[in-house]
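**Q** need coordinates for the following:
(chains A and B)
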Number of protein chains: 2
Amino acid sequence: MRCRRCREPSIIEIRRHNAAFCGPCLLHHCREQVARAIHDFDMFEPQQRLLVAVSGGKDSLALWDILLELGYAADGLYLGLGIDGPDGYSDASASFARRFAEEREALLVTVDLRRDYGYDIPTGAAAARRTPCSACGLSKRHLFNEAARAGGYDVVATGHNLDDEAAVLMGNVLRWNTDYLGRQLPVLPATEGFVRKVKPLVRLAEREMAAYCIVRGIDYIVEECPMAAGNRHLGYKEALNEIEDRSPGSKQAFYFGFLERASPHFRPEALEDQQELQPCPSCGAPTTSGSRCAFCALVAKASVAPVAPVPVSLGGHRRWEP
Amino acid sequence: MRCRRCREPSIIEIRRHNAAFCGPCLLHHCREQVARAIHDFDMFEPQQRLLVAVSGGKDSLALWDILLELGYAADGLYLGLGIDGPDGYSDASASFARRFAEEREALLVTVDLRRDYGYDIPTGAAAARRTPCSACGLSKRHLFNEAARAGGYDVVATGHNLDDEAAVLMGNVLRWNTDYLGRQLPVLPATEGFVRKVKPLVRLAEREMAAYCIVRGIDYIVEECPMAAGNRHLGYKEALNEIEDRSPGSKQAFYFGFLERASPHFRPEALEDQQELQPCPSCGAPTTSGSRCAFCALVAKASVAPVAPVPVSLGGHRRWEP
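**A** Below you'll find the model as predicted:
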C-alpha cells in the first residue's frame, strides 16, 4: 500500500482510518492527532508548564517527544516503582526514560518509592492487602499530583492511548460503575488540591505509538509490567482487539461515542459523589477520609516503623541531571 | 463436585453461582430462575395467554417446556424462514418444534414465509438489500406481533437468554446506540398495536439451557443458523465468553447492572424518539413511516409481482395439528 499523504511506500496501515502512512507521514499523523486532541478537549494553552508522567514505555516517551516537537514546555516525571521481575523491570524502564531525556537535554524529575518513601510496589501491595495494580495506581495518582503541585506545573499529561481508554471503559461498563463512568474523561479539570490531568494520546492506538517510536528511533521498554500479567485490563484489551479485528473503528466508536452520547448521563452522579475534601494530617494532600490519605496509609502499612513522610517538593526529590 | 441442593453427584457446574447441580436439581434451578424473572419483572399473570416464539433451538423449546411445567397457558408459534443451508436448516428446525408440540399435545401455530408471503430470508434479504439477519429480525418482529394480535394472545415470549442479551447489550454499548439502550428491557409493555413482549430466560445462560434440554430429553436443532455465521453478534458472544471465563459472573453483572444503574438514563431518549404511529395502508400494522410498513416493503421488494398481503389471522395460517 502507498502512503495516503505522499504516495510513497507505506510502513503502517491504519484500518480504522482506511489509511496507510510512510515513516515521515506517520510522525505527521501522530502529531496532528495529538494537536487535535489538545484543541478539541481544550487540554492546555501554549504557555502552560506540563509535567509528563514517563514510564519508559512507548506511549509516555512518544507523548513527551510529540509535546516537545509541538513546542510545549514539557518536563518528565519518572516514578521508580521497585518492580524487579526477571529483567529488572523498573531499572530497565528508568534507563530508557533517562536516555530519552539525556538525548534531548530535557528535564526528568525522578521519585523513587524505595529511596524516598521506604517501600516498593510488591511489598507495599502485600502489606496493604491491595493488588499490585491498585497500590501502583494509588501511588502514581498521589505522587504525580504532589510533584506537579510542588513544581508549579499547570498540567499532568499521561500517555493513555485509545486502547488503554477503551479497555478501562470496557471494565467500567461491564460493571456499570457509574461513578467511574462519570469521571472517565480525557481532561480532569483542576480542583482544590488537584492539578489538571490530560490524556493527549486518546486519538491514537497502541500500534501507532509503537511505530512512532521505531520511526523516531526512541528506545523504550517493550515488556509489559510483570505484575500486570493476567489482570482484567489486559483481558479487556484482548477482547477489544478481537472486536476491532472484525470491525476496524470499533474502539474509536466505543470511546468517542461514549464521550459524546453517554458520559453526560453519568457526570451528575460522579459530581454528587464528590465529598468534602480536607488536608491529610500527614502529607497535606486533599483527602476525603477525615484521617490520613490512602497514600499515607499505604506508606505506613508498608513500613515496619512508620516512615516520616518525605516533604513533597521538587527539592526533596533527586533530579536526574544530564 | 456434588449437587448444591441434594449432594448427589453433579452434571453441571455453574461458576457464576458458585454452584453445581444434578439433573433433577438443574431442572428445578431453571424453573426457579424463570419464575423469578417472571415475578421480578412483572412479566405476566397466571391467567394470561402466552405465545412462545419457537425456533426449534434449545432456548425456545426449553422456555416453552418450562412455561408449560409452571402451569401457564402457552402456545407456540413457528416461523418457517426458508433457510436451507447444507442440512436444510429451516426444515430440520421445524421438525424439532413439531415433535416437541406433538409429544406434549401442545398447539403449534406455523407461519411459513414462502407459502404465506411468497419470499424467504435469503431471497428477501438480497432483494431488499438487507443483511439476512436484518431481514429475519424484521420479519420475526412483525409476524410474531401480528400472530399474537390475531390470536388474542396477551404476551409474546421469546427465548433470549443471558448470553443473548449480554451480547446485544455489548453491541449497543460498543456503538452507544442510546436509543436501543433505552429499549433493551426484559419486558416491552404493550402499546397501541403492539403486544407485550417478554424474555423469561434472562437469568439463565446458554449452557444451562442446553443442559436443561438434554436432561429433559428435548431434541433440538444444535446448528447455529448458517446465515448468522461470522456476524457481529456471535463475535460479541465470543468476546464475552472469554471475559466470563476469566471472571465468572461478568455477563450477569453486565446485564443486570445495566438494567439497574444505566438503563434508566437512556429510557427518556428512547421515549422521545417514539414517533406517532399510523396503520400501514397495506397490512394495518402500526408503522412510523407514513407509507407502508417496513415488513410490507420487504415483502414487495422480495416478490417480482406484488404479493397480496395474507390477512393476518390465525385462520389465515395453517396450524399444525397433532
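**Q** show me the shaky parts of chain A.
**A** Chain A contains residues with pLDDT under 70 at A:86, A:273, A:304-322.
**Q** try 80 this time
**A** A:85-87, A:229-230, A:269-275, A:289-290, A:303-322 (pLDDT under 80).
**Q** can you map out the strands along it?
**A** With DSSP state E as the criterion, chain A has strands at A:12-14, A:19-21, A:49-54, A:73-80, A:108-112, A:155-157, A:187-188, A:196-198, A:278-279, A:286-287, A:319-320.
**Q** which positions in the stretch 201-322 of chain A make contact with chain B?
**A** A:232, A:235-236, A:238-240, A:242-243, A:246-247, A:250, A:253-254, A:257-258, A:260-262, A:265-266 (C-beta under 8 Å from any C-beta of the partner chain). Heads up, the C-betas are built off the backbone N, CA and C, glycines and all.
**Q** what about those, which are in helices?
**A** Using DSSP state H, A:232, A:235-236, A:238-240, A:242-243, A:246, A:250, A:253-254, A:257, A:265-266 are the members of those that sit in helices.
**Q** what subset of the residues you listed is buried?
**A** Buried by 16 or more other C-beta atoms under 10 Å in any protein chain shown: A:232, A:235-236, A:239-240, A:243, A:250, A:254, A:257, A:265-266, out of those.
**Q** now do the contacts for residue A:139.
**A** Applying C-beta atoms under 8 Å, 6 or more residues apart in numbering or on different chains to residue A:139 gives the contacts A:79, A:81, A:113, A:121, A:124, A:295, A:298.
**Q** and which of those residues is nearest chain B?
**A** Checking the contacts of residue A:139 against chain B by C-beta to the nearest C-beta gives residue A:121 as the nearest, at 22.5 Å.
**Q** hang on, isn't that closest one packed against residue A:79?
**A** No: look at residue A:121 against residue A:79 with C-beta atoms under 8 Å: they stay out of range, at 9.9 Å.
**Q** excluding chain neighbours, what is closest to the residue in the stretch 101-250 of chain A that chain B sits nearest to?
**A** Of all residues in the stretch 101-250 of chain A, residue A:176 sits closest to chain B, at 3.6 Å by C-beta to the nearest C-beta. In space, and not counting its chain neighbours, residue A:176 is closest to residue B:257: 3.6 Å by C-beta to C-beta, 6 or more residues apart in numbering or on different chains.
**Q** gap between that neighbour and residue A:165?
**A** According to C-beta to C-beta, to the nearest Å, residue B:257 stands 20 Å off from residue A:165.
**Q** OK, contacts around the spatially most central residue of chain A?
**A** Compute the mean C-alpha point of chain A, and by C-alpha atoms, centre = their mean the closest residue is residue A:158, 3.4 Å away. Contacts for residue A:158 were tallied using C-beta under 8 Å, 6+ apart; they are A:52-53, A:60, A:63, A:144, A:197-199.
**Q** that one and residue A:50: what is the separation?
**A** Distance, residue A:158 to residue A:50, using C-beta to C-beta: 11 Å.
**Q** picking that back up, let's have the strands of chain A in a markdown table, adding distance to residue B:185.
**A** Compiled in a markdown table, the strands of chain A are given as follows (distance: least, C-beta to C-beta, whole Å):
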| stretch | distance to residue B:185 |
| --- | --- |
| strand A:12-14 | 38 |
| strand A:19-21 | 40 |
| strand A:49-54 | 42 |
| strand A:73-80 | 46 |
| strand A:108-112 | 50 |
| strand A:155-157 | 42 |
| strand A:187-188 | 34 |
| strand A:196-198 | 37 |
| strand A:278-279 | 43 |
| strand A:286-287 | 41 |
| strand A:319-320 | 57 |
